[in-house]
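Engineer: Here's a sequence, model it:
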Amino acid sequence: MRPPAEAEITAPSFPGKARWVNVAMLRMDQQRGRPVLVEFWDFCRVNSLRTLPYLKAWHERYADDGLRVIGVHAAGFEASRDPDAIRAAVERLGIEYPVLIDAELEAASYYGIQGWPSRYLWNQESRLFDFHIGEGAYAETELAIQELLGIEREPLAPVRPEDEPGLLLPAQTEDQPGPYSGPYEAGGVWAVLSGEGVVRANGVEVAVSHPGAYPLIEHDSHTAGVLELEVGDGVRCEAVCFTPGVAGVGRG
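Structural biologist: Numbering: from 1, shown residues only. Next comes the predicted model:
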């Protein structure tokens, strides 16, 4: 989404004492002269994980053309607040671009983020050029990147059917705190888990070895189902989350 034409929103500075992954330190004022894509994310939020393939691909496709991709890890769960866990997640997820550890949510406050993920594209003068809250708008973001770089390429193909531009998706069940069991409608079911052990979702065992968002059930389309979640010893469940799916007639 483009900001209003009359708006001149300048990129906030990064917290001076923040720790970084994949780079010693970055200052926003030193990025002038190149477009910068900043995405606020959390490795325990499935919505953030679902945008990662696009962020990683944009970094690979456009870094040599001048784009700087920066991830700001703003933890929304207890399980994702530990800096060592964040570093481990960055390595496990194969993220090669710089990641700021926003432990005190200072950067999130500067930006006034309204959800995860939150994506901000700044132009060469560090002014807001395009932004998006939540999943989606991937082709829109990539075309905005190309506009700033002055290049034209075929945008990335959608990673999932529900990522098709302009597709209207049925509303999925809202995320539920704690180890939720009960009815839902969604394309998939995930849980925010930490500790070590196992959980069982509708009788299927899922091993837990690190804090993160774990897939429990995946459907081919938007599906009505009932979740029966059992959390084993040594595991903590902070939330059960639901992902969108294309309209369908399945039941699970």
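Engineer: need the longest helix for this structure.
Structural biologist: In the chain, taking DSSP state H as the definition, the longest helix is helix 46-62.
Engineer: Extract the residue ranges of the stretch 151-252 of the chain that are flagged as low pLDDT.
Structural biologist: The stretch 151-252 of the chain contains residues with pLDDT under 70 at 249-252.
Engineer: All the strands of it, residue numbers only.
Structural biologist: 176-177, 182-195, 197-201, 204-208, 212-227, 229-231, 235-243 (DSSP state E, counting those that start in this stretch).
Engineer: Out of those, which is closest to residue 149?
Structural biologist: The closest of these to residue 149 is strand 235-243. By CB to CB, the value is 31.2 Å. Any C-beta I mention is one placed from the backbone N, CA and C, and that applies to glycine too.
Engineer: Neighbouring strands - and their directions - for that closest one?
Structural biologist: strand 176-177 (antiparallel), strand 182-195 (antiparallel) (DSSP bridges).
Engineer: Run the angle between the longest one and strand 197-201 for me.
Structural biologist: By that I understand strand 182-195. 170 degrees (axes from the mean of the first three to the mean of the last three CA atoms, to 10 degrees).
Engineer: in strand 182-195, what's buried?
Structural biologist: For strand 182-195, a neighbour-count test (16 or more other CB atoms under 10 Å) marks 184, 185, 186, 187, 188, 189, 190, 191, 192, 193, 194, 195 as buried.
Engineer: how far away is the fourth one from residue 114?
Structural biologist: With distances taken as CB to CB, to the nearest Å, residue 187 is found 23 Å from residue 114.
Engineer: and what of the last one?
Structural biologist: Between residue 195 and residue 114 the distance is 30 Å, computed by CB to CB.
Engineer: quick one: contacts for the nearest residue to residue 26 once chain neighbours are set aside?
Structural biologist: In this structure, residue 26 finds its nearest non-sequential neighbour in residue 98, 5.7 Å apart by CB to CB, 6 or more residues apart in numbering. Neighbour list for residue 98: 20, 21, 22, 23, 26, 68, 69, 70, 71 [criterion: CB atoms under 8 Å, 6 or more residues apart in numbering].
Engineer: The first one looks like it's in a strand, true?
Structural biologist: Right, the one you point to is residue 20. Yes - under DSSP: H, G, I helix; E, B strand; the rest coil, residue 20 falls within a strand.
Engineer: doesn't residue 103 make contact with it?
Structural biologist: No - in this structure residue 20 lies outside contact range of residue 103 using CB atoms under 8 Å: 11.6 Å.
Engineer: mind giving me the domain ranges of the chain?
Structural biologist: 19-163, 176-243 (automatic domain parsing).
Engineer: how about CSV for these, with distance to residue 9 added?
Structural biologist: Shown next, in CSV, are the domains of the chain (distance: least, CB to CB, whole Å):
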stretch, distance to residue 9
domain 19-163, 4
domain 176-243, 30
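Engineer: closest one to residue 12 among those domains?
Structural biologist: domain 19-163 (3.8 Å).
Engineer: ok, residue 129 - how many residues close by?
Structural biologist: 21 (other CB atoms under 10 Å).
Engineer: Pretty sure it sits against residue 141.
Structural biologist: No - counting by CB under 8 Å, residue 141 is not a contact partner of residue 129; they are 10.2 Å apart.
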